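In: A structural model of the following input is requested.
(one chain, ligands or ions: 1)
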Amino acid sequence: MISNCNIITLPKIHNRSGNITALNNGVDLPFDVRRVYYLYDIPGGESRGGHAHKALQQLIVAVSGSFDVTLDDGTDQKTCSLNRPYYGLYVVPGIWRELSNFSSGAVCLVLASAEYDEKDYIRKYDDFVAYRKDILNNKLPEKQP
Ligand code: TYD
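Out: Take a look at the predicted model:
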């Protein structure tokens, strides 16, 4: 897997009338949640993401439908298909991500470790590659959790 990104199996409470997944800060997640957002009404063929974060940690969940997440640490790439509400993809800082192949009606829930901050984004791939090189050459401290 790319860096420390991995799929976390989320708790599921099952009964005949349906399922519940509840996420408790400090118990079920590797970071404290400061923000929740979700992507929906995504037109067919669209992709999202196309950026990295310097410090933000995220958990990405396909709460409905399915989509693919491609992670890139500047050296390796890996694509994960998310299609179950009880799997979360944990994305550490400094990883370029692209979300694609959204099914019709898909909802992408994102739990994030900080409030929205445009300064935390790296939006150009060339800048991302340079940022990773600086980390590898120890010119920049890696902002790991
Ligand atoms: P962006 O993170 O680029 O979306 P995606 O990665 O899903 O393609 O955000 C798109 C727009 O929404 C951008 O103008 C910033 C705004 N935005 C907020 O205001 N708050 C948020 O928490 C997020 C995630 C985005």
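In: how about the residues of this structure by the ligand?
Out: Those residues of the chain that sit near the ligand, judged by CB under 6 Å from any ligand atom, are 35, 37, 39, 48, 49, 51, 116. Quick note: C-beta positions are derived from backbone N, CA and C, even for glycine.
In: can we see that at 8 Å?
Out: Contact residues (CB under 8 Å from any ligand atom) of the chain with the ligand: 35, 37, 39, 48-51, 97, 99, 108, 110, 112, 115-116, 118, 121, 123.
In: give me the buried subset of the residues you listed.
Out: 39, 49, 51, 97, 99, 108, 110, 112 (16 or more other CB atoms under 10 Å).
In: looking at these, which are in strands?
Out: Those of those mapping onto strands are 39, 49, 51, 97, 99, 108, 110, 112, per DSSP state E.
In: what about the protein, any weak spots by pLDDT?
Out: Scanning the chain with the threshold set as pLDDT under 70 gives 1-3, 144-145.
In: quick one, strands of it?
Out: Secondary structure of the chain (DSSP E): strands at 6-9, 13-15, 18-20, 35-39, 48-53, 58-64, 67-72, 77-82, 87-91, 96-100, 107-112, 121-122.
In: no more questions from me, cheers.
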